[in-house]
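Chemist: Here is a sequence with its predicted model. Questions after.
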Amino acid sequence: MTSSKYLVLAGVTVCAAAGDSLLSRGMREVGNISFHHLPSIIVAILNPWVALGIIFLLGFFASYMTALSWADLTYVLPATSLGCVLLALIARFVLHEQISVTRWLGIVLISAGVGFVTRGPELTHDPSRKTISPASTQALAARQK
């Protein structure tokens, strides 16, 4: 696996943990919202912490799509599960949440599972999988103009 692929997986991990943490921070300020009260949702989205969390989650989504373009879901999802460790550390030391021993044990088990998954191939052979070359992407973009 190339260093750029490691960076994409790191982007997925960091953006997801940061986005979720920022959403949690913002929603603590906003309080309860309801789908039956649309203005409360708009107020929540306008909270700076929530808005920043949404931006990070958009970064997560873009990185995740990129990773899925070159690797199987069964490789990408576990490989990015180290975000659970990062998220737990942020929750404990930044958001000051109490994390039980059982949750820490679960995080350790997830991390061990990641070690098993990353030892396998990132992509299994799938003849139906479409690959788009940079040249065909440029040609498609030129036709759309």
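Modeler: Sure thing, it's come through.

Chemist: Going by C-alpha atoms from here, please, whenever you check contacts or count neighbours.
Modeler: OK.

Chemist: Assign a three-state SS to residue 32, would you?
Modeler: Per DSSP: H, G, I helix; E, B strand; the rest coil, the local secondary structure of residue 32 is coil.

Chemist: Next up, phi/psi of it, please.
Modeler: The phi/psi pair for residue 32 (degrees, to the nearest 10) reads phi -70, psi 140.

Chemist: Tell me which residues touch it, please.
Modeler: The neighbourhood of residue 32, defined by CA atoms under 8 Å, 6 or more residues apart in numbering, contains no residues.

Chemist: For it, give me the pLDDT.
Modeler: What the model reports for residue 32 is a pLDDT of 90.

Chemist: before we move on, what about residue 97?
Modeler: The score at residue 97 is 93. That number is its pLDDT.

Chemist: From the contact counts, what lies against the helix or strand harbouring residue 21?
Modeler: With the criterion set as DSSP states H and E, the secondary-structure element containing residue 21 is helix 3-30. With contacts taken as 3 or more CA pairs under 8 Å, 6 or more residues apart in numbering; DSSP states H and E, helix 3-30 sits against helix 38-46, helix 48-70, helix 83-93.
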